[in-house]
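Novice: With the input below, show me the fold.
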Amino acid sequence: MFPEYLPKFEESDIAAGGIQENRHRDKGRNNVHVRANVLEIVELDTVKEKFQAIFVLEFTYVDPTLHNKWLTLKYRDNDGTVKTTYAQVLGVMRTDSSRLVIRTGRRNPASLEIIQVEAATQMNIADVLALSLPAELRQDDGWSEHFALDWSFMNAVEEAKIMMQSRHIEYFSARGAHVKYKAKFNGLFSERLELNAMPFDRQLLRIQVVAEVPIYRLRFVPVYWTAGLLKTVKQRQFEQIPREWRVDGGWLPRLEVLREEGASSRSRFDIHVYLERNPTFYLYNLCLLLSLFTLLTAIGFSVDVGSVSDRLSVHLTLLLTTVAYKYVVTTWLPVKSYLTRLDKFTLRCFYFQIAAMVLCALQQPLQDWGWATEEGILSFVICVYTLLLAFLLALGLTVFLGEGGYCKRFYHWCFYTDWHGVYISNAPWPQWTEIYVGADYGEPVDFYDPSAEQLSRPVWGEGAGLCGHRSWNTSLPSDTDSD
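Specialist: Next up, the predicted model:
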């Protein structure tokens, strides 16, 4: 019910009224601390370059306009009876975190306003049964008169569906009410996919959020640099991402916030999701068959050298089959100005088959002109097809062993771009800008401690995990955990 980062009080604070004035004298009155948790990538459409994601966003901020609001507290008294009072949560005792520090109030019968009864008193957290908002704040429109979270998704294809949302006051301080807004979204987003290495490609998917008001009114500050796990256990690795894709355990979703300069700038942050394609479907259904079709062109050389038409008919049949497969590949990919690795493989098979057809057509003239003998051409054909077979077997064996978990580092070196290169090629942020991120997941921090913004450990590499900042072009993600 209560967060771990509640303010800590001494006995002397209780006697003084329970307000720690010096604790919250920070300059970030407009700071909105954000956390993200990517729950599932429902679909990734490679052709339309769109993806659907389910994720949770948490915004924690201080609203000074709520300083005079009172929560309805239901608790169990010493004699076991359930009682109701008005209260404001202030924190917990430093010596005993199970003791809650609250300010109590009662309603004035004459004015119907709630007036303070005790400036600070203690209560056992185990005795707290329920803590609810005032009636006017239990409706969404009740928050419209207070601090507004004006933000939107930059790359949303359509308005994201809100599956669940809640807003509650965590505690009160001299600055006002500390509010947490939590919402679960299901949205469809656009993303420019880098398909040069397909089917051995890695993708950086981004959910981009931007504030609709200048940073002097709203500034995003990250709490944790991680944004969910996606794959929790091996048995569930396909339940949170499409089966065609997989997650690298060293590159889980991450939250990055852009440090904007200038009072009129808009604060923004990205949720980065790193996915790696499982190439099995393309290898078995396309690459393997194209390799067999190319090797089968050797059958054309077994036909009598005088039957040129018969030889060419064999090659033409296999060539048309290759063209049909090339057409199939184009339906699986968006229109790009470059060739993917799959395109290059298909075209090379196509060129090899054309070269075999030309050799079949010219074999008899070459022999008639005395430029080559039948034995010499046959030896050349055997040598070329042997080398081709050895090359394809080596590729197939490397992929088979790599997908099976053997020589994984060599397999990734041969076929995959490392995550460092993926990050650079996607260029998620403008050059010469700074990014700052939050503390490592699992280490609770005080969202309102001004010193949390001043830590300067590097984000990526050694020492990563604490709140810090980096320049986009000088400190990029390391790839030490990719294998």
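
Novice: wait, Arg202 sits on Leu275?
Specialist: Yes - contact criterion C-beta atoms under 8 Å: Arg202 and Leu275 qualify, at 7.1 Å. Any C-beta I mention is one placed from the backbone N, CA and C, and that applies to glycine too.

Novice: now the host helix or strand of Leu362: how far from the chain's centre is it?
Specialist: Using DSSP states H and E, Leu362 sits within helix 341-368. In terms of C-alpha atoms, centre = their mean, to the nearest Å, the centre of helix 341-368 is set 45 Å apart from its chain centre.

Novice: tell me which strands and helices it is in contact with?
Specialist: Packing partners of helix 341-368 (3 or more C-beta pairs under 8 Å, 6 or more residues apart in numbering; DSSP states H and E): helix 288-296, helix 308-331, helix 374-403.

Novice: go with 7 Å
Specialist: Here helix 341-368 touches helix 288-296, helix 308-331, going by 3 or more C-beta pairs under 7 Å, 6 or more residues apart in numbering; DSSP states H and E.

Novice: Out of those, which is the most enclosed?
Specialist: The highest average neighbour count among the helices and strands packed on helix 341-368, using mean count of other C-beta atoms under 10 Å, belongs to helix 288-296 at a mean of 17.

Novice: Show me the contact partners of it.
Specialist: Helix 288-296 has contacts (C-beta atoms under 7 Å, 6 or more residues apart in numbering) with 318, 321-322, 325, 346, 349, 352-353, 385, 388-389, 392.

Novice: mind running it again at 10 Å?
Specialist: 282-283, 314-315, 317-319, 321-322, 325-326, 329, 342, 345-346, 348-353, 356, 385, 388-389, 391-393, 395-396 (C-beta atoms under 10 Å, 6 or more residues apart in numbering).

Novice: rounded to a whole number, what's the mean pLDDT of that helix?
Specialist: Here helix 288-296 scores 88 as its mean pLDDT.

Novice: could you give the angle of that helix to helix 341-368?
Specialist: Going by axes from the mean of the first three to the mean of the last three C-alpha atoms, to 10 degrees, helix 288-296 is angled at 10 degrees with respect to helix 341-368.

Novice: quick one: helix 288-296 to chain centroid distance?
Specialist: For helix 288-296, the distance to the chain centre is 38 Å (C-alpha atoms, centre = their mean).

Novice: what do you get for stretch 45-57?
Specialist: How far stretch 45-57 lies from its chain's middle: 10 Å, per C-alpha atoms, centre = their mean.

Novice: next one: stretch 192-210
Specialist: On C-alpha atoms, centre = their mean, the centre of stretch 192-210 falls 11 Å from that of its chain.

Novice: List the buried residues in it.
Specialist: Across stretch 192-210, burial judged by 16 or more other C-beta atoms under 10 Å covers 193-195, 197-210.

Novice: Tell me how confident the model is about whichever strand or helix holds Ser267, as a mean pLDDT.
Specialist: Assigned by DSSP H and E, Ser267 belongs to strand 266-277. Mean pLDDT, strand 266-277: 92.

Novice: Now the common contact residues for Arg202 and Leu275.
Specialist: Counting by C-beta under 10 Å, 6+ apart, the contacts common to Arg202 and Leu275 are 245, 248, 251.

Novice: The first one: how many residues sit nearby?
Specialist: For Trp245, the neighbour count with other C-beta atoms under 10 Å is 18.

Novice: Thr46 reaches Met198, doesn't it?
Specialist: Yes - counting by C-beta atoms under 10 Å, Thr46 touches Met198, with 8.1 Å between them.

Novice: which neighbours do the two share?
Specialist: With C-beta under 10 Å, 6+ apart as the test, Thr46 and Met198 both reach 277, 332-333.

Novice: which stretches of the stretch 151-300 of the chain form helices?
Specialist: Applying DSSP state H, counting those that start in this stretch to the stretch 151-300 of the chain gives helices spanning 280-282, 288-296.

Novice: least trustworthy helix or strand in this structure by mean pLDDT?
Specialist: The helix or strand of the chain with the poorest confidence is strand 468-471; it has a mean of 37 (mean pLDDT, DSSP states H and E).

Novice: Poorly predicted segments of the protein, please.
Specialist: Scanning the chain with the threshold set as pLDDT under 70 gives 1, 15-29, 231-239, 303-308, 432-433, 436-483.

Novice: Against Lys336, how distant is the residue positioned nearest the centre of it?
Specialist: Centroid-nearest residue in the chain, with C-alpha atoms, centre = their mean: Val273, separated by 2.0 Å. Using C-beta to C-beta, to the nearest Å, Val273 is found at 21 Å from Lys336.

Novice: Over to Ile424?
Specialist: Going from Ile424 to Lys336 by C-beta to C-beta gives 19 Å.

Novice: Same check on Tyr5?
Specialist: In terms of C-beta to C-beta, Tyr5 sits 47 Å off from Lys336.

Novice: out of the two, which sits in the more crowded spot?
Specialist: Ranked by neighbour count (other C-beta under 10 Å), Tyr5 and Lys336 place Tyr5 first, with 18 against 14.

Novice: Go ahead and confirm the more buried one touches Tyr171.
Specialist: Yes - Tyr5 is in contact with Tyr171 according to C-beta under 10 Å; the separation is 9.4 Å.

Novice: Would you map the strands across the stretch 1-150 of the chain?
Specialist: 8-9, 31-45, 50-63, 71-76, 82-93, 99-107, 114-124, 128-132 (DSSP state E, counting those that start in this stretch).

Novice: In CSV, could you pull the C-alpha coordinates for the fifth one?
Specialist: Listed next in CSV are the C-alpha coordinates belonging to strand 82-93 (Å, rounded to 0.1, in the frame of the first residue of the first chain):
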residue,chain,number,x,y,z
VAL,A,82,-12.9,-0.3,12.6
LYS,A,83,-12.8,3.5,12.6
THR,A,84,-12.7,6.2,9.9
THR,A,85,-10.9,9.5,10.0
TYR,A,86,-9.4,12.1,7.7
ALA,A,87,-5.6,11.9,7.3
GLN,A,88,-2.6,12.9,5.4
VAL,A,89,0.3,10.4,5.1
LEU,A,90,3.6,12.1,5.9
GLY,A,91,6.1,9.2,6.0
VAL,A,92,7.4,6.4,8.3
MET,A,93,9.6,6.3,11.4
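
Novice: And it, what does it pack against?
Specialist: strand 8-9, helix 11-15, strand 71-76, strand 99-107, strand 114-124, strand 128-132, strand 161-173, strand 176-190 (3 or more C-beta pairs under 10 Å, 6 or more residues apart in numbering; DSSP states H and E).

Novice: can you do 6 Å?
Specialist: Packing partners of strand 82-93 (3 or more C-beta pairs under 6 Å, 6 or more residues apart in numbering; DSSP states H and E): strand 71-76, strand 99-107.

Novice: Show me the one of those that comes nearest Thr297.
Specialist: The closest of the helices and strands packed on strand 82-93 to Thr297 is strand 71-76. By C-beta to C-beta, the value is 79.1 Å.

Novice: The closest one vs strand 176-190, what angle?
Specialist: Using the same axes, to 10 degrees, the direction of strand 71-76 lies 100 degrees away from that of strand 176-190.
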